[in-house]
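Engineer: Sequence first, predicted coordinates after that:
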Amino acid sequence: MTHSANVKGYQVVIPEETHTLAEFSKNDLPGVATINSALVSFEPKEAFAWHLSIMVEAKELGDYRMPTPHEQKMLYDFEDEIEPNIKANGNALFLARVTHNGWRELVYRIYDPQPLNNYLQSLIQSENNSRPFEFHIDPDEHWEKATWFIQAVDS
């Protein structure tokens, strides 16, 4: 299902997510990324000029520092808990979910960073979330921080 929004003077059609799995190895450890390949050709990219990275440390690790099945469920539950607030009002586009070396990273492209900064800060301060996390919201008008994800889909 696509959504439409008026963003920075553009009429933006938010595409339905299409997930592509990319496996990789870094520091001799395997990694897996689920990437929203619908964003490869998404325009206007400059409307979502902020890059949000949420880092969650996995607690239960199995082989190769990958989360155990139980831990995977906990990480997905955490994502399901916060994602509706992140994507509220068409303010964010899901870019990727990366699991590697005991960490889960959730990556989004953001239109307006302020409401998300406020929401995520309040969630951290409340300590009422199932997993502690940290996040960064950085300006990235040319999607340079998204390059690896876009290239992983194209290759």
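Structural biologist: Thanks, I have the structure now. Here the structure is a predicted model, which means the values were calculated and not measured. Numbers count the residues shown, from 1 in each chain.

Engineer: give me the number of residues near the nearest residue to residue 115 once chain neighbours are set aside?
Structural biologist: Among residues not flanking residue 115 along the chain, residue 91 sits closest, at 6.5 Å (Cβ to Cβ, 6 or more residues apart in numbering). Bear in mind the C-beta positions are built from the backbone N, C-alpha and C, glycine included. Neighbours of residue 91 under the rule other Cβ atoms under 10 Å: 22.

Engineer: hang on, residue 91 packs against residue 109?
Structural biologist: No - with contact defined as Cβ atoms under 8 Å, residue 91 does not reach residue 109; the gap is 10.0 Å.

Engineer: could you list every residue that touches the residue nearest to residue 115?
Structural biologist: 110-112, 115-116 (Cβ atoms under 8 Å, 6 or more residues apart in numbering).

Engineer: May I see the PyMOL selection of the buried members of these?
Structural biologist: The PyMOL command for the buried members of the contacts of residue 91 (criterion: 16 or more other Cβ atoms under 10 Å) is given here:
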select buried, resi 110+111+115+116
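
Engineer: Since that was my last question, I'll sign off now.
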